[in-house]
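*Asks:* Sequence and predicted model, in that order:
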Amino acid sequence: MPLPSEASSRVGRRDRVLRSRGNFRAVLREGRSSRHRLLNVGARPNELGHDRFGYSVGRRVGNAVIRNRVRRRLREIARLTPDRGGYDIVITARPDIVTASFVEISEAFARCVGHAISRGSGGGATASRSGSVETPAGEAGSA
């Protein structure tokens, strides 16, 4: 049985999941995003010191059995991903994810999460929702 000091420092599985509609909307509205043919990722810093993940698998992906399989795969990939130190991350599955292997999904997940988080840290050019590239004042950017 863990000591009380150890138990308080651990973050439970329930504490690592985004559940409320408001949290999802905040990440998608205020956070940075990255897209891949298999999935879309939105990320936004939180003040908790650990990452929280939210999963969105719509009916376009497939029937309930397929959607649940995709959700389980995404949860396992998120579990295996090292904590990045305090981000709310929303993963939205796209229909092509159904035929992709676990390795392909893992690589897409890592690339998109890394890209969304590195874009959110500032200092470089960022793409707006319209697809144009915004560069900080005084810097020359090539788009």
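*Replies:* Noted; the coordinates are in hand. Everything numeric in this text was worked out from a predicted model, so none of it was measured. Residues are numbered from 1 along each chain as shown.

*Asks:* and Pro45, backbone torsions?
*Replies:* Main-chain torsions, Pro45, degrees, to the nearest 10: phi -60, psi 140.

*Asks:* Can you read off the pLDDT for it?
*Replies:* Per-residue confidence at Pro45 stands at 88 (pLDDT).

*Asks:* Can you pull up the most central residue in this protein?
*Replies:* The centroid of the chain falls nearest to Ile89 when counting by Cα atoms, centre = their mean (3.4 Å).

*Asks:* Contact partners for it?
*Replies:* Leu18, Val27, Val41, Gly42, Ala43, Asp51, Arg52, Phe53, Gly54, Ala78, Val113, Ala116 (Cβ atoms under 8 Å, 6 or more residues apart in numbering). C-betas here are computed from N, CA, C, even on glycine.

*Asks:* show me what contacts the second one?
*Replies:* It refers to Val27. Contacts of Val27 (Cβ under 8 Å, 6+ apart): Leu18, Gly42, Ala43, Arg44, Gly54, Asp88, Ile89, Val90.

*Asks:* What is the burial count for the second one?
*Replies:* Think Gly42. 27 (other Cβ atoms under 10 Å).

*Asks:* repeat for the fourth one
*Replies:* Residues lying near Arg44 (other Cβ under 10 Å) number 20.
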